[in-house]
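Q: model this:
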Amino acid sequence: MNLEKLMQQLEAKHPGEQEYLQAVREVLMTIEEVYNEHPEFEKAKIAERLVEPDRIFTFKVPWVDDRGEVQLNIGYRVQFNNAIGPYKGGLRFHPSVNLSILKFLGFEQIFKNALTTLPMGGGKGGSDFNPRGKSDAEVMRFCQSFMLELWRHIGADTDVPAGDIGVGGREIGYLYGMYRKLAQMNTGVLTGKNLEFGGSLIRPEATGFGALYFVKQMLETAGHDIKGKTVAVSGFGNVAWGAIIKATEMGAKVVTISGPDGYIYDENGISGKKIDYLLELRATCNDVVAPYAEEFGAQFVPNRKPWEVKVDIALPCATQNELNGEDARNIINNGTLCVAEVSNMGCTPEAIDLFIEHKIMYGPGKAVNAGGVATSGLEMTQNAMHLSWGASEVDNRLQQIMSDIHEQCVKYGKQPDGYINYMKGANVAGFLKVAKAMLAQGIV
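A: Okay, here's the model as predicted:
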């Protein structure tokens, strides 16, 4: 594989798709060595086939607001690769949604899903619709219009969407209700459903829980105990909430959350009723964290990010590229032990390079946050078996999956000097599984 030649070709075909091109480059540069050890991969053009989606659906989504006015949004579904199982990946409803972001997320999802050891391919979708400030009736009408187009392209053994930013239990419920009406069947075609109609216990917490199981293993492998460590978290949504709950249970102290307005520093730690308050904060749909400071007497730092706070563990939990080179230098200078992406591609390439150069423990999103999609996979299994597992059984399975992912990362990422390059380990492990499946199935 000639990495630069391939990237030049992609940049010419997909100009301006920065997030997608960044994700492809990050994966290809870490797998280049192992790829070139397998001439059969080159002969079958595995890399060239892997970086292009199988298909992309783009469609208009007309809906009527509460004033009776017609509104119009754009809907997408990117079906990237299904060599090891049905396409699987969330739906994101946010004004920032575009094809580049969804292709990056779908591409990452291929390897994340492969790492879980569950039979799931990679996909992603969404719309530039913003649910914030909309009434339940408006969200319902939008979701029904969105599903009116999407339903014919998905299915329990074809493509199984889930939630993501802007798509929670309410949206999944409306989407599933419309799918059930159109398809005239009850199946596990969407995950993240309410418990009353096929959802799985601990799914809302799973991304954050899984991330902390992974971080705990990272620390233990390096001879550290998570108990007593201080943690900086960004964001305050479901992902951050789950991470804070589990970190606190493990004996760590979370001291920050953040939003577009700035960050909160709570030196006493975010625990107990403060964690419950995060759900209230999110439910207001105001997307700000300043009220937390007024509620609990904590410090609010406007228009800044929490990575300047001196902590042992940094957990980006908000969105892609939220932690840049300057933030990385602050983290390194503060002596932080571990950085783990609970958000997808939470760090910029410059930040990642700095962490690896300075031998900081760095966990990439496709490994760290795989607990969310893993539990979605467990929801699919429960739906297919027409039963529900208890919370402890789901949690035990999640812990085992995260342990297996960590083991794969160490296997392929451990360097001669003992440093574990988790990014390389995760990419190589996920890639090999998908590449071998593609090779075995011929040129299709």
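Q: how about the strands of the stretch 101-250 of the chain, start to end?
A: 122-127, 159-162, 230-233 (DSSP state E, counting those that start in this stretch).
Q: format the ones you listed as JSON lines; extra columns: mean neighbour count.
A: C-beta coordinates here come from the backbone N, C-alpha and C atoms, glycine included. As requested, the strands of the stretch 101-250 of the chain are arranged in JSON lines below (neighbours: other Cβ atoms under 10 Å):
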{"stretch": "strand 122-127", "mean neighbour count": "30"}
{"stretch": "strand 159-162", "mean neighbour count": "25"}
{"stretch": "strand 230-233", "mean neighbour count": "26"}
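Q: quick one, which of those strands is nearest to R203?
A: strand 159-162 (8.9 Å; Cβ to Cβ).
Q: which helices and strands does that closest one pack with?
A: Using 3 or more Cβ pairs under 8 Å, 6 or more residues apart in numbering; DSSP states H and E, the elements in contact with strand 159-162 are strand 70-81, strand 87-93, strand 122-127, helix 370-385.
Q: by contact count, what packs against the last one?
A: Taking 3+ Cβ pairs under 8 Å, 6+ apart as contact, the helices and strands that helix 370-385 lies on are strand 87-93, helix 99-115, strand 159-162, helix 203-221, helix 391-413.
Q: next, the angle from it to strand 122-127.
A: 100 degrees (axes from the mean of the first three to the mean of the last three Cα atoms, to 10 degrees).
Q: if you compare the helices and strands packed on strand 159-162, which one is most tucked away?
A: strand 122-127 (a mean of 30; mean count of other Cβ atoms under 10 Å).
Q: list the strands paired with that strand, with their directions.
A: Paired neighbours of strand 122-127 in the sheet (DSSP bridges): strand 70-81 (antiparallel), strand 87-93 (parallel).
Q: a markdown table please, covering those strands and showing mean pLDDT.
A: Converted to a markdown table, these look like this (pLDDT from 0 to 100):
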| stretch | mean pLDDT |
| --- | --- |
| strand 70-81 | 98 |
| strand 87-93 | 97 |
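Q: could you save those strands as CSV and add columns showing distance to G430?
A: Below are the strands paired with strand 122-127 laid out as CSV (distance: least, Cβ to Cβ, whole Å):
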stretch, distance to G430
strand 70-81, 11
strand 87-93, 14
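Q: among those strands, which is nearest K103?
A: strand 70-81 (5.7 Å).
Q: so in this structure, where's the weakest helix or strand by average pLDDT?
A: helix 273-283 (a mean of 92; mean pLDDT, DSSP states H and E).
Q: report all helices and strands that that helix contacts.
A: So helix 273-283, by 3+ Cβ pairs under 8 Å, 6+ apart, packs with helix 238-249, helix 290-296.
Q: please identify the buried residues of the shortest one?
A: Burial within helix 290-296, assessed by neighbour count using 16 or more other Cβ atoms under 10 Å, is assigned to 290-293.
Q: ditto for stretch 382-397
A: Those would be 382-383, 389, 394-395, 397, for stretch 382-397 by 16+ other Cβ under 10 Å.
Q: of those residues, closest to C409?
A: Closest to C409, out of all of those and judged by Cβ to Cβ, is R397, at 19.0 Å.
Q: residue contacts, the closest one?
A: 378, 389 (Cβ atoms under 8 Å, 6 or more residues apart in numbering).
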